[in-house]
Structure formats: structure tokens, C-alpha cells
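> could you look at this predicted model? Sequence included:
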Amino acid sequence: MSQHRASSSPLVLVVDHDVQTREMYAEWLSFSGFRVAAAAQADEAFEKAHTLRPSIITTGISFKDGDDGCMLCDRLKHDDSTKKIPVLVVTAWALGGHVERARLAGCDGVLLKPCPPTTLLAEINRLIKHD
């Protein structure tokens, strides 16, 4: 699932429990010139964040392993080696305080699904330029 380009291209870690979402975003981002790695669960994403040192992480909120994107973001932002990596939450969970919870966890941006790939790309570029 990982597409590798020149090592100078920014690396995006796409985290989502849904394989179709991961593949769709990975394909679009790869087409747009990014290197892409993917993870389906929070623990896998945390490990890859340490190993790969991505330029940015996109994450959904709900995962099948019981964790969620807010917990992942909180964990990343409280770890000295990953706290400066921008985290972008992309979610369909607009109700019930999920967006506020994501912001309180330290995420750098929130996009609501359905999120066109062009909007995702614009927000990734904005966050990478400001990190």
C-alpha cells in the first residue's frame, strides 16, 4: 500500500480503519506527488509515526482496535519524538462533540466527510507549510 517517490517528497501517513478510504486517499496523494504509508489501527499508526517520521498524519476517529483518532492524536502530541508532526482528523463524526474532542486532543485540523480529495490535499499542504 506504500507508494515511494523521491525521498524529498513529503510522506503522509494515512490512518483509517476502512481499507477503501485508505486506498482512495493514498492513491490521490500519491498521484499528487506525496509518498504514502498507511495504517488501519492506532497502535500500528503510532509505531509507523516513530519509524517513518511522516510529514503529516491523517486519521479517522473510529478504529476497530477500540482506540480512536483522538486518543492517537493525544498520544502523538504527548510524545517528544512525534509531537511536532501535524495531525489532520478526517471524519464523518460531526455530532456529539467529536470535532471539539479532536481539537482538545491536539489535532492540527479537522475535515468532515464527505471530503473531496482536493480539499484534503489543500489542508495537507497548508499544515505542512506551517509545521
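Now that the structure is in, tell me what you want to look at.

> any idea where the strands of the protein begin and end?
Counting by DSSP state E, the chain has strands at residues 11-15, 35-39, 56-59, 87-91, 109-112.

> check those strands for me and report the most buried one.
For the strands of the chain, average neighbour numbers computed from mean count of other Cβ atoms under 10 Å are highest in strand 56-59, which has a mean of 27. Yep, even glycine has a C-beta here, placed from its N, CA and C like the rest.

> could you give the mean pLDDT of that strand?
Strand 56-59 shows a mean pLDDT of 96.

> name the helix or strand of this structure that has the lowest mean pLDDT.
helix 98-104 (a mean of 80; mean pLDDT, DSSP states H and E).

> contacts for that one, please.
Here helix 98-104 makes contact (Cβ atoms under 8 Å, 6 or more residues apart in numbering) with 61, 69-70, 73, 89, 91, 93, 110, 112.

> wait, which of the residues you listed is closest to Leu52?
Of all these, Leu52 sits closest to Cys73, with 16.9 Å by Cβ to Cβ.

> need the pLDDT of that closest one.
On the pLDDT scale, Cys73 gets 92.

> surely it meets Gly106?
Yes - with contact defined as Cβ atoms under 8 Å, Cys73 and Gly106 form a contacting pair (5.4 Å).

> between these two, what contacts are shared?
Both Cys73 and Gly106 are in contact with Val87, where contact means Cβ under 8 Å, 6+ apart.

> between the two, tell me which one has more neighbours.
Set Cys73 next to Gly106 and count neighbours by other Cβ atoms under 10 Å: Cys73 wins out with 26 against 15.
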